[in-house]
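**Student:** Dropping the sequence and predicted coords here.
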Amino acid sequence: PPPPPPPPAPSPTAAIAASFSSLATKLEDLTGVDLDNLSAAVKENIKSGDAGERGEAYVVAQFSLLSFIALGTVPFVGDALSFTLGPGLVGVGLVVVYKAAVDLGTNLSPWPTPADPNTGRGSLVDTGIYSLLRHPMYSGLIFGMAGLSVATDSALRMLLTAALYLVLDAKSDFEETKLIETYGDDYRAYMEKVQDKIIPFSLLEEAEEKV
């Protein structure tokens, strides 16, 4: 008699289910956790509580952001941000850097040590944009580079911009030490008057209160 036909191959769905079952068994053996009981407990926790009072908005925001990060974009919004927010920040950065350079005048220098007032080139600048931020030129650089990162969808550029912020923050601390040595209590009073160093937190708080 002819040999019996081979048993039918399992369907892909059955094969996947069998693989997950085997994996679950191995995990239970390794961890000592009863996955069936754990799964049942999680389901009960999900159903418990009053809808609308369990912090659903936070969970939605959390998983939405996780999915956007995984996708590398925000659907229907990512392109708009690249085309508007990115160039907008670059423009703001350029304007701030230009205004800071103009307000500095003869104090302008690449070095974090202030010009010597005895030479006639150095003076304490606390007007113009320097009445809002103590280091607006650094602010403009950060805004501009962040905008370029957004406009080009570059995570690496954004990481480098964060590194640039850390460098400029440390540089500004060194610079302020030298400014205190040069101008003493006048610069200390200026620091008390203008609280924001690079990021305009006070201005953002005022704008938020108005909204």
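**Tutor:** Nice, I can see it.

**Student:** Tally up the residues packed near residue 198, please.
**Tutor:** Residue crowding around residue 198 was assessed by other CB atoms under 10 Å; the count is 19. In short, each C-beta sits where N, CA and C put it, glycine included.

**Student:** any idea how far it lies from residue 160?
**Tutor:** Using CB to CB, to the nearest Å, residue 198 is found at 16 Å from residue 160.

**Student:** same check, this time on residue 117
**Tutor:** 36 Å.

**Student:** Show me what the mean pLDDT comes to for stretch 80-93.
**Tutor:** Throughout stretch 80-93, pLDDT has a mean value of 86.

**Student:** buried residues in that stretch?
**Tutor:** Using 16 or more other CB atoms under 10 Å as the test for burial, stretch 80-93 gives 82, 86, 89, 90, 92, 93.

**Student:** Tabulate the residues you listed (TSV), appending secondary structure and distance to residue 144.
**Tutor:** As requested, those are exported to TSV (DSSP: H, G, I helix; E, B strand; the rest coil; distance: CB to CB, whole Å):
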residue	secondary structure	distance to residue 144
82	helix	15
86	helix	10
89	helix	7
90	helix	5
92	helix	8
93	helix	3
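
**Student:** would TSV of those with distance to residue 146 be doable?
**Tutor:** Below are these laid out as TSV (distance: CB to CB, whole Å):
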residue	distance to residue 146
82	13
86	8
89	5
90	9
92	10
93	8
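
**Student:** so which strand or helix has residue 29?
**Tutor:** helix 12-31 (DSSP states H and E).

**Student:** meant to ask about residue 67, not that
**Tutor:** Going by DSSP H and E, residue 67 is in helix 56-71.

**Student:** Which positions in that helix come out as buried?
**Tutor:** In helix 56-71, no residue is buried by neighbour count (16+ other CB under 10 Å).

**Student:** Give me the mean pLDDT for it.
**Tutor:** 81.
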